[in-house]
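> model this:
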Amino acid sequence: MNEILQEFFSRNTILVYFVYGLVFFILGFSIALQSWRHTRLELARSLKWLAAFGILHGIHEWGAIIIPFQTMYMNDAMMTLFLTMKVVSLVASFFCLFQFGVSLLNDRWPWLNYVPYLLVALWAILFFVPNMLADSWSISWQRTGTIWARYLIGFPGAMLAAYGLYYQAKRQIKPLNLPHISRMFQIAGIALGAYAIFTGLIVPPGDFFPANVINSATLVALVGVPAPVFRSLAGMVIAFAMIRGMDVFDVEVDRQIEQMEIERNLTVQRERIGHELHDGAIQQVYTAGLIIESVRNKSDDPLVDQRLDTAMSAMNEAIAGLRSYMSNLRAGTAPVTLVDGLREQANNPRLTVLMQVDLDLDLTEEDSMNPVRTNRVLAIVSEALANAVRHAQAKRVGIRAHRQQNEFSLAIEDNGRGFQADGNNYGYGLRDMRDHARLLGGELAIDSELGHGTRILLTAPWRDN
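Numbering: from 1, shown residues only. Below is the predicted model:
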C-alpha cells in the first residue's frame, strides 16, 4: 500500500502542489472577505494577517509548479531571481502567520510584537544577506534558507497562532455562552497546531540535524503520503472552521446587540417611570398629606382628629410604598465604589468582544461616591458604551475618570462614525444622560462629527452640595 501511494503522488506532484496552493489561496481570500464583513468583532481585526498568510502561502506553493516550466524560456539569472522570490514569499507568509498569533495575544504578551521582526531579521542576516553579498544563489542555499525559515518562523508562528485562537475562544467567546462558536475556533486552533508540525518540522532533507532525520522524504517513506497533502488537509479544516465560526458569530453578535438594546430600553423605561413617580405621584400624595396635617392642626373634634390621623397614616404608607416601588425599579444596586463599577462596565464581555475599551482611572479605591450619585455616573457610562456599540460601530472606546478635590470629570471618547451634534435632534438616550448630569449638579458636553467619532465630557461635584 505504501508503494502504491508513493507511486500515485509521485506521478501527480503537479496536482498535489496545485491543490495545496489553491487551498491556502482560497483560505486567505475567504477570510479576507469575512474579516471585512465582521467589523464589530474584535477577533476579526486580527484576521487580516491570517488572510495575508493564506494568499502568500498559496502563491509560494504555486511557484513549485510555475517556475520549473520557465526553465526553457529564462536565463539563469532570471531563474535565480524567481527561486529567490519563492523563498522570500515563504518567509513573508510565515511572518504574516506569526503576526496573526501576536495580534491574538497582544493584550496578554505585548512584548511579542517585536519577535516576528527579530526572527525575520535573524533569518535575513544568517542566510539572505551573506548570499546577496557573495552573489551565491545556489540551490543549496535556497534549500537551507527554506529549512531555517520553517524552523525559525513557520513552526513558532503557527504554534503561537494556534494558542492565540484557543486563548481568544476562551476570553471572548466562552463568557458569551456560545459553545458551538467556541468549538469552531478550537478546531481551527488544533488544525493550526497540526499545520505547524507538518510545515515547520517536516522540512526538505538537509545535511544537518534534525533536517537529516525528520524531513519530507522520511515522511513519504513512512506513510507514502507527502507533507503537502497533510498541510492541505490542515488548511481545509482551518478555512472551514474559521469561516463557519465567523458566520455563526455574526448572527450571535446581532442577538447580543439586540439583547443590549432590550435591556437598555427597559432601563430607560424604569428611569422614566421612576422620574414620573418622584415628580408626580409622590409629590401629589405628599401635598395631600400636608393639607390633611394642616386641617388636623385646626380641628377640635376628637372624632375628626382620629379620622384625619388614619388618613395621614394611609398617606405615609402610600408614600413609603411608592418609594419602595421606585427602589425596585432601579437597574441594580451601586457597587461599593465608583472604581469597581467603572471596571465592571469596561470589562463587560458583551462589549469587549465587539470593541476595545480602554479605562484610565485617576481614582483610588477609597474614592467613593454615595450610591445614588454612583448609579447616575454609571448610567451615563452605560448609555455612552451602548451607543458606541449600537450606533457608532466604534472599534475602540476610551474612558477616563478623574477627581480633583471636590470636582469629578469623566471623558468617554470613541472612534466611531459620529453624528451631527445638533441639540434639537438628541435621542432619548442622550437626553437621559443630560438628565443624570443635571441631577448630579454638573454639566454634560457632547462633541461629535460625522466620521470623526464622539467625545462626551461630564463635569460634576464629587458630593451633593
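> so where do the helices sit in the stretch 301-450 of the chain?
302-329, 338-346, 349-352, 371-387, 428-439 (DSSP state H, counting those that start in this stretch).
> Just name the most buried of these.
helix 371-387 (a mean of 21; mean count of other C-beta atoms under 10 Å). Yep, even glycine has a C-beta here, placed from its N, CA and C like the rest.
> Report the mean per-residue pLDDT for it.
Averaging pLDDT along helix 371-387 gives 85.
> Ok, stretch 291-308 next?
73.
> Contacts only, for Glu7.
Listed by C-beta atoms under 8 Å, 6 or more residues apart in numbering, Glu7 has no contact partners.
> mind checking which helix or strand it is in?
helix 2-11 (DSSP states H and E).
> What's the first helix or strand after the worst-scoring helix or strand of the chain on mean pLDDT?
The weakest-scoring helix or strand in the chain, judged by mean pLDDT, DSSP states H and E, is helix 129-134 (a mean of 68). Of the helices and strands lying after helix 129-134 in sequence (DSSP H and E), the nearest is helix 139-149.
> mind exporting the helix or strand following that next one as CSV, just the C-alpha atoms?
Proceeding N to C from helix 139-149, the next assigned helix or strand is helix 155-168, under DSSP H and E. Presented in CSV, the C-alpha positions along helix 155-168 are these (Å, rounded to 0.1, in the frame of the first residue of the first chain):
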residue,chain,number,x,y,z
PHE,A,155,6.8,26.5,13.4
PRO,A,156,6.7,29.0,16.2
GLY,A,157,4.4,31.3,14.3
ALA,A,158,1.9,28.5,13.6
MET,A,159,2.0,27.3,17.2
LEU,A,160,1.5,30.8,18.5
ALA,A,161,-1.4,31.3,16.2
ALA,A,162,-2.9,28.0,17.4
TYR,A,163,-2.6,29.0,21.0
GLY,A,164,-3.9,32.5,20.2
LEU,A,165,-7.1,31.1,18.8
TYR,A,166,-7.6,29.0,21.9
TYR,A,167,-7.0,32.0,24.1
GLN,A,168,-9.4,34.2,22.2
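> ok now helix 155-168, how far from the chain's centre?
16 Å (C-alpha atoms, centre = their mean, to the nearest Å).
> likewise stretch 441-453?
25 Å.
> cool, stretch 214-230 as well?
38 Å.
> With stretch 5-18 instead?
That offset, for stretch 5-18, works out to 41 Å (C-alpha atoms, centre = their mean).
> buried stuff in that stretch?
Neighbour-count burial for stretch 5-18, counted by 16 or more other C-beta atoms under 10 Å, picks out Gln6, Phe9, Val16, Tyr17.
> Output it as PDB, restricted to C-alpha atoms.
Taking Å, rounded to 0.1, in the frame of the first residue of the first chain, the C-alpha atoms of stretch 5-18 are listed here in PDB:
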ATOM      1  CA  LEU A   5       0.700   5.700  -2.500                       C
ATOM      2  CA  GLN A   6       4.200   6.800  -3.300                       C
ATOM      3  CA  GLU A   7       3.800   6.000  -7.000                       C
ATOM      4  CA  PHE A   8       0.400   7.800  -7.100                       C
ATOM      5  CA  PHE A   9       1.700  11.000  -5.500                       C
ATOM      6  CA  SER A  10       5.000  10.900  -7.500                       C
ATOM      7  CA  ARG A  11       3.000  10.800 -10.800                       C
ATOM      8  CA  ASN A  12       0.700  13.600  -9.600                       C
ATOM      9  CA  THR A  13       3.200  16.000  -8.000                       C
ATOM     10  CA  ILE A  14       1.900  19.000 -10.000                       C
ATOM     11  CA  LEU A  15      -1.700  18.200  -8.900                       C
ATOM     12  CA  VAL A  16      -0.600  18.000  -5.300                       C
ATOM     13  CA  TYR A  17       1.100  21.400  -5.300                       C
ATOM     14  CA  PHE A  18      -1.800  22.900  -7.300                       C
END
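> Give me the mean pLDDT for it.
84.
> Same question for stretch 212-226.
Stretch 212-226 comes out at a mean pLDDT of 90.
> first vs last residue of that stretch, how far apart are they?
End-to-end span of stretch 212-226 (C-alpha to C-alpha, to the nearest Å): 16 Å.
> Please apply the same query to stretch 388-403.
24 Å.
> That stretch: how far from the chain's middle?
That offset, for stretch 388-403, works out to 14 Å (C-alpha atoms, centre = their mean).
> what sits up against that stretch?
Here stretch 388-403 has contacts from 39-40, 42, 45, 257, 260-261, 338, 342, 346, 351, 354-363, 367, 381, 384-385, 408-419, 453-454, 462, using C-beta under 8 Å, 6+ apart.
> Output the helices of the stretch 301-450 of the chain as a markdown table; include the columns distance to Phe82.
Shown next, in a markdown table, are the helices of the stretch 301-450 of the chain (distance: least, C-beta to C-beta, whole Å):
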| stretch | distance to Phe82 |
| --- | --- |
| helix 302-329 | 73 |
| helix 338-346 | 52 |
| helix 349-352 | 46 |
| helix 371-387 | 53 |
| helix 428-439 | 60 |
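> Which among these is found nearest to Phe155?
Minimum separation from Phe155 across the helices of the stretch 301-450 of the chain (C-beta to C-beta) falls at helix 349-352, 30.9 Å.
> Could you give the separation of that closest one from the chain centroid?
For helix 349-352, the distance to the chain centre is 8 Å (C-alpha atoms, centre = their mean).
> Of all the helices of the stretch 301-450 of the chain, which one is nearest Ile31?
helix 349-352 (22.2 Å).
> how about the closest residue to Gly453 other than its chain neighbours, what does it touch?
Spatial nearest neighbour of Gly453, excluding adjacent residues (C-beta to C-beta, 6 or more residues apart in numbering): Asn415 at 4.7 Å. For Asn415, the contact set (C-beta under 8 Å, 6+ apart) comprises Ala394, Lys395, Arg396, Val397, Gly453.
> What pLDDT does the model give the fourth one?
The model reports Val397 with a pLDDT of 92.
> Quick check: beta-bridge partners of it?
Residues in a beta bridge with Val397, per DSSP bridges, are Val357, Asp414.
> Tell me, how many residues neighbour the closest residue to Gly206 other than its chain neighbours?
Once flanking residues are discounted, Gly206 sits nearest to Ile147: 5.1 Å by C-beta to C-beta, 6+ apart. A count of nearby residues for Ile147, using other C-beta atoms under 10 Å, gives 20.
> repeat for Ala191
23.
> cool, and the one 3 residues further on?
Other residues lying near Ala194 total 18 when counted by other C-beta under 10 Å.
> cool, and Gln186?
Quick note: Gln186 (other C-beta under 10 Å) scores 19 neighbours.
> Enumerate every residue touching the nearest residue to it once chain neighbours are set aside.
In space, Gln186 comes closest to Ala169 once its chain neighbours are excluded; the distance is 5.5 Å by C-beta to C-beta, 6+ apart. Residues near Ala169 by C-beta under 8 Å, 6+ apart: Ile181, Ser182, Phe185, Gln186, Gly189.
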